[in-house]
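Student: here's my sequence, what's the structure:
(one chain, ligands or ions: 2)
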Amino acid sequence: MKFSNTYNQLDAVFFQPVAPTPVRQPELLLWNTSLANELNIAPELQNNSALLAQYFSGNQLPVGAEPIAQAYAGHQFGHFNPQLGDGRAHLLGELINNNGQRVDIALKGSGPTAFSRQGDGRCALGPAVREFIMSEAMAALGVPTTRCLAVVKTGELVFREQAKMGAVVTRIATSHLRVGTFQYFSAQGNLDALASLTEYAINRHYSEITSIGSQRIIDFLQAVIYKQITLVVAWSRVGFIHGVMNTDNTAISGETIDFGPCAMMNHYHLGTVFSSIDRNSRYAFGNQGRIAQWNMARLAEALLPLINEDQAQAVALVEPLIMKFSEQYQAAFYQMMANKLGCTDSNDAVKALVDQLLILMQEQALDYTNTFIALQLSLDDDTHANKLKTQLGDWYQAWRDYLVSSSTATDSASALMTRTNPLVIPRNHNVEAVLAQFEQQQTTDINEFLTILRDPYHALDSTAKYQLPPSDGDSHYRTFCGT
Ligand SMILES: Nc1ncnc2c1ncn2[C@@H]1O[C@H](COP(=O)(O)OP(=O)(O)OP(=O)(O)O)[C@@H](O)[C@H]1O
Ligand SMILES: [Mg+2]
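Tutor: Ligands and ions are numbered 1, 2, ... in the order given. Here you go, the predicted structure:
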């Protein structure tokens, strides 16, 4: 591994240099070969699982690693906490992948840091494996996401509501800069740090921005907003509910980060929430766009002092960007939904079809993923078409008529739908079944499951096994923050 670390070169206030705490008996449980190849990790190392277990538990540092815990703040469920930071994570450093892109390589569950507060710095095995599965699925679904390179069992127990096996998960991200990182310095009034952080973020993620002065900050904010819109619309396409869209879990890169209490929606309902701590449904499926807008308003607020010393003037410059969010989000959302229906344009007629279909799906508790698959299959299969006519009534014929009137050939509609609508998603009950096998130290189905999830737009031999929603529709399913 060839490290090339830049974050450590920022001022000391950005991080605490701190080594991971060694674990008793590290054992490599999951290794992501294709990601490792993208990172140019040498085959000799990849074949040495004992050494991988040492490196990716934090017991031994690879040459060039300079572990730090990053400082950040964040709004958690709407309440500002000025001091969060990596309380159980160590950024080992940065690598350049085979696309020439700089990425962070970080351990999570690797021991306490100055930011741990009351926490033990550790992670349980279940949430670590869950993050691995969910992020692999999201990457293959085409959703921007951080990814996992490894999960190492620690051989130690972590104490939550019960004793659990511990693990360290290695995460690869284009960076770990969060909205909360900006809030941390802004809240302290450390404008030098805020300015160098913004410059660092632009260089790392938005190097196309060439403007100067306050316009540079505004262009940066706009670029982050676009990435958030793209992200949340991608989540909506596949039925992903992040579950904890706090500003410390909102990456400036626009990647999905922190899979703690995330879940997938089965039957379509805007109010779907699975997280046990989200009592007011703040982060429900249908709220994610609004929350992303709220989070972007917090980023805008944090950046105000860099835009103008006069707060009112700065607000006047950023407000239009936040106001335009909804319109831009709606446009991106309807374009994505149009594609789910095989339509290239999202004109008023298509928007009406989308709205009506979503109402029908919610009223009838139809499975989100499988309904779009059935619609696509129905284009040249009468059995599916007849079933949908019964389920969706006049809507079905209206959709077929629209395709004809817009001169959309059936095969091009079908091809677009096949690319847009996954056959398989990481359904909660399937994920939990694999996690239970790990907990009980049984042989697991994870390899078969990952193979299917890594090819979600094609039917493989065992795809069908993972396509059905659970019999109870996950009505009792609850997720927990991944500690
Ligand atoms: N077991 C723990 N020990 C110490 N700090 C913790 C622990 N669990 C969570 N934290 C800290 O609490 C805050 C919120 O945690 P949250 O669950 O959002 O993040 P995380 O899953 O730890 O990390 P990330 O956002 O990097 O995926 C973070 O500052 C995190 O470091
Ligand atoms: Mg987090």
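Student: so who does whichever residue of the stretch 301-450 of the chain sits closest to ligand 2 touch?
Tutor: At 17.5 Å from ligand 2, Ala302 is the closest residue in the stretch 301-450 of the chain, using C-beta to the ion. For every residue, glycine as well, the C-beta is placed using N, CA and C. Neighbouring residues of Ala302 by C-beta atoms under 8 Å, 6 or more residues apart in numbering: 179, 182-183, 185-187, 194.
Student: just those residues: which are in helices?
Tutor: Among the contacts of Ala302, the ones falling in helices (DSSP state H) are 179, 182-183, 185-187, 194.
Student: nearest to Ala73, of these?
Tutor: Gln183 (4.4 Å; C-beta to C-beta).
Student: ok, the residue nearest to that closest one when sequence neighbours are not counted - contacts?
Tutor: If the residues on either side of it in the chain are set aside, Gln183 comes closest to Ala73, at 4.4 Å by C-beta to C-beta, 6 or more residues apart in numbering. Applying C-beta under 8 Å, 6+ apart to Ala73 gives the contacts 80-84, 180-181, 183-184, 187, 247-248.
Student: before we move on, back to that, in which helix or strand would I find the residue of the stretch 301-450 of the chain closest to ligand 2?
Tutor: Using DSSP states H and E, Ala302 sits within helix 288-307.
Student: average model confidence for that helix?
Tutor: In this model, helix 288-307 has a mean pLDDT of 98.
Student: buried residues in the helix or strand that that helix is followed by?
Tutor: The helix or strand immediately downstream of helix 288-307 is helix 311-340, counting by DSSP H and E. Across helix 311-340, burial judged by 16 or more other C-beta atoms under 10 Å covers 314, 317-318, 321-322, 325, 328-329, 332-334, 336-340.
Student: and the contacts of Ala73, which of them are buried?
Tutor: Buried subset of these (neighbour count, 16+ other C-beta under 10 Å): 81, 84, 180-181, 183-184, 187, 247-248.
Student: now, which of the residues you listed sits nearest ligand 2?
Tutor: Checking these against ligand 2 with C-beta to the ion, the nearest one is Asp248 at 5.5 Å.
Student: chain neighbours aside, what residue packs nearest to the closest one?
Tutor: In space, and not counting its chain neighbours, Asp248 is closest to Gly74: 2.8 Å by C-beta to C-beta, 6+ apart.
Student: where does the chain dip in pLDDT?
Tutor: Along the chain, segments meeting pLDDT under 70 span 482-483.
Student: residue of this structure nearest ligand 2, please.
Tutor: For the chain, C-beta to the ion, closest residue to ligand 2: Asp258, 3.9 Å.
Student: so what's the residue count around that residue?
Tutor: Counted by other C-beta atoms under 10 Å, the residues lying close to Asp258 total 22.
Student: surely it touches Asn249?
Tutor: Yes - with contact defined as C-beta atoms under 8 Å, Asp258 counts as touching Asn249 (4.1 Å).
Student: quick check: neighbours shared by those two?
Tutor: Residues touching both Asp258 and Asn249 (C-beta under 8 Å, 6+ apart) are His242.
Student: re the thing from before, including distance to ligand 2, could the contacts of Ala302 go into JSON lines?
Tutor: Shown next, in JSON lines, are those (distance: C-beta to the ion, whole Å):
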{"residue": "Val179", "distance to ligand 2": "12"}
{"residue": "Phe182", "distance to ligand 2": "15"}
{"residue": "Gln183", "distance to ligand 2": "14"}
{"residue": "Phe185", "distance to ligand 2": "18"}
{"residue": "Ser186", "distance to ligand 2": "19"}
{"residue": "Ala187", "distance to ligand 2": "18"}
{"residue": "Leu194", "distance to ligand 2": "21"}
